[in-house]
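Asker: My questions are about this predicted structure, shown below with the sequence.
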Amino acid sequence: MSDQVRPSSRVPAAIRAVRPHQWIKNVLVLSAPLAAGRLFEPAILGASALAFVAFCLISGSVYLINDIRDVEEDRLHPKKRFRPIPAGELAVGTAWVLAAVLGVVGLAIGFLTAVPLGATLIIYLLLQISYSVFLKHQPVIDLAVVASGFLLRAIAGGVAGSIGLSQWFLLVASFGSLFMVAGKRYSEMLSLGADAGTRKSLASYTDTYLRFAWMLSAAMVLISYSLWAFDNIHRGPFGIGWTAISIAPFTLGLLQYAREIDIGEAGEPEDVVLRDRVLQMFGLLWLIIICVAVFGGKLGGEL
């Protein structure tokens, strides 16, 4: 695409600016209720839905603030320059008002649903704003802060429905988050090449360091998940230990995503999930097996 050509869209700039295509990340709020086998309890499902909406609003607010602060830098980026704010489609003043409204409404929904959920949203908001202001330029810390965004989404689903979170769930969520973020940075480094200067945080890393980070995280998430699966073997339908069987599609899905990272195509995790048919197949197979395990064997209680 030519540098002078800007892609057109019929979607209003204000909607595109809050990045609804990235809201797929917020599905992580369902992970805790699903793993506990309680997702379809009316009260839990309602709380999870509200947690999802609250995170969509709060994350939209964060995206606006981030784009406002990075507007000049984003105008030099091969893709980000087409976002509504750096492209001049959405005025900075309007973006500030929209960010404030989304933040207030999101927090209100969170606290009305459950006080711990509201607190989780505040922590997420403060961390992400701190990241946008200064933490993004601190090596290692920037990886941890971005990863915390995924982790807090997973925690939010648990606290919204008062579901206990075991050490295994937290380990899987933590290292899984770090795996995605380190992989994202590694892919950005490969894909941007000479344009890597448009993301200053990449200057703090080498490709070998980021490869080490995402490979280490992948190993830890697989070990943690496997320990959880074997620690929670409940004989479901046909007397089979379905959680142990779920390790197979989980591993294959992890390997498929790692392939996307390795070839530099995982710069946007949500895009990988939406376009990679093989990854979707492994994900669907894993989901079916987990549903059979948790709803058939009824793990219940704590994850």
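Answerer: Received it, and whenever you're ready, just let me know what you need.
Asker: least trustworthy helix or strand in the chain by mean pLDDT?
Answerer: helix 71-74 (a mean of 76; mean pLDDT, DSSP states H and E).
Asker: Now the helix or strand where residue 249 lies: buried residues?
Answerer: Take DSSP states H and E as the rule and residue 249 turns out to sit in helix 247-262. Buried residues in helix 247-262, counted by 16 or more other C-beta atoms under 10 Å: 247, 249-254, 256-258, 260-262. Just so you know, the C-beta spots here come from the backbone N, C-alpha and C atoms, and that holds for glycine as well.
Asker: quick one: that helix to chain centroid distance?
Answerer: Helix 247-262 sits 16 Å away from the centroid of its parent chain (C-alpha atoms, centre = their mean, to the nearest Å).
Asker: Give the other helices and strands that that helix contacts.
Answerer: Contacts defined by 3 or more C-beta pairs under 8 Å, 6 or more residues apart in numbering; DSSP states H and E place helix 247-262 against helix 167-192, helix 207-231, helix 277-291.
Asker: hang on, the earlier thing: buried residues of the helix or strand following the least confident helix or strand of the chain, list them for me.
Answerer: Scanning forward in sequence from helix 71-74 by DSSP H and E, the next helix or strand is helix 92-113. Of all the residues in helix 92-113, those buried under the rule 16+ other C-beta under 10 Å are 95, 98, 99, 102, 103, 106, 107, 109, 110, 111, 113.
Asker: Only alpha carbons, please: show helix 92-113 as PDB.
Answerer: Once non-C-alpha atoms are left out, helix 92-113 reads as follows in PDB (Å, rounded to 0.1, in the frame of the first residue of the first chain):
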ATOM      1  CA  VAL A  92      -7.600  14.800  20.300                       C
ATOM      2  CA  GLY A  93     -10.100  16.700  22.500                       C
ATOM      3  CA  THR A  94     -13.000  14.500  21.400                       C
ATOM      4  CA  ALA A  95     -10.900  11.400  22.100                       C
ATOM      5  CA  TRP A  96     -10.200  12.700  25.700                       C
ATOM      6  CA  VAL A  97     -13.900  13.100  26.400                       C
ATOM      7  CA  LEU A  98     -14.700   9.700  24.900                       C
ATOM      8  CA  ALA A  99     -11.900   8.100  27.000                       C
ATOM      9  CA  ALA A 100     -13.300   9.700  30.200                       C
ATOM     10  CA  VAL A 101     -16.900   8.600  29.500                       C
ATOM     11  CA  LEU A 102     -15.900   5.000  28.700                       C
ATOM     12  CA  GLY A 103     -13.700   4.800  31.800                       C
ATOM     13  CA  VAL A 104     -16.400   6.100  34.200                       C
ATOM     14  CA  VAL A 105     -19.100   3.800  32.800                       C
ATOM     15  CA  GLY A 106     -16.800   0.800  32.800                       C
ATOM     16  CA  LEU A 107     -15.800   1.300  36.400                       C
ATOM     17  CA  ALA A 108     -19.400   1.900  37.400                       C
ATOM     18  CA  ILE A 109     -20.400  -1.400  35.800                       C
ATOM     19  CA  GLY A 110     -17.500  -3.200  37.500                       C
ATOM     20  CA  PHE A 111     -18.300  -1.900  41.000                       C
ATOM     21  CA  LEU A 112     -22.000  -2.500  40.600                       C
ATOM     22  CA  THR A 113     -21.300  -6.100  39.600                       C
END
